[in-house]
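Undergrad: Okay, sequence plus prediction incoming.
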Amino acid sequence: MNTTPVIRSLNNSHCKQIIDIILPIQQIEFNVPVTLEGQPDLLDIETNYHQTGGNFWGAMYNEQLIGTISLIAIGNNAGALRKMFVLKEYRGKELGIAQLLLDNLIAYCKQNNITAIYLGTVDMLKAAHRFYEKNGFTRIAKHDLPKSFPLMGADNMFYELHLNN
């Protein structure tokens, strides 16, 4: 039994596990008006993430998927951070799952010459805002996003991070 969290790349064989984490957090915990139909990317991880030059990662703890993060490469050395979710009972600094996930994504960006990361979130996710800001993300207006940024309907707050490769 491995009690150290491990970050690994996920593929289409993990779609059900990914959906089983993300949808309840969005819909039940935070009442975000989003459905699986509005997120078809979750049904084909390889096409929507891997084939863009991005990736989709999961945090495994005791062989259970407990968190996710993904990156869509959007051109011009930029990427869109998506699907960052950690099960409630694994959040916080004790295990540091969110930080491990983000550090993994940033390392991938640096290795792949992605120098800017953009993300969209919703105003009610206050802890997420604090986490992103603590990690150097700055808030930007929607009209300052790259034209290639894939907008999600529910998102109403946006952030960017410029990396020094």
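TA: All right, it came through fine.
Undergrad: which is the next helix or strand following the longest helix anywhere in the chain?
TA: Counting residues, the longest helix in the chain under DSSP state H turns out to be helix 97-111. Using DSSP states H and E, the helix or strand that follows helix 97-111 in sequence is strand 116-121.
Undergrad: all helices for the protein, in order.
TA: Counting by DSSP H, the helices of the chain are 15-24, 45-48, 97-111, 126-134.
Undergrad: buried residues in the longest one?
TA: Put plainly, it is helix 97-111. By 16 or more other Cβ atoms under 10 Å, the buried positions in helix 97-111 come out as 97-98, 100-102, 104-106, 108-109. Where C-beta positions appear, they are placed from N, C-alpha and C, glycine not excepted.
Undergrad: cool, the first one as well?
TA: Along helix 15-24, these residues count as buried under the neighbour rule (16+ other Cβ under 10 Å): 15, 18, 21-23.
Undergrad: The second one now?
TA: Across helix 45-48, burial judged by 16+ other Cβ under 10 Å covers 45, 48.
Undergrad: low pLDDT regions in this structure?
TA: Regions of the chain meeting the criterion pLDDT under 70 cover residues 1-2, 165.
Undergrad: State the distance from the residue nearest to N113 when sequence neighbours are not counted to T115.
TA: Computed as Cβ to Cβ, 6 or more residues apart in numbering, the closest residue to N113 that is not its neighbour in sequence is N77, at 5.8 Å. According to Cβ to Cβ, to the nearest Å, N77 and T115 sit 5 Å apart.
Undergrad: can you check T4 too?
TA: 31 Å.
Undergrad: The two - which one has more neighbours?
TA: Shown here are T4 and T115; by other Cβ atoms under 10 Å, T115 has more neighbours (16 against 8).
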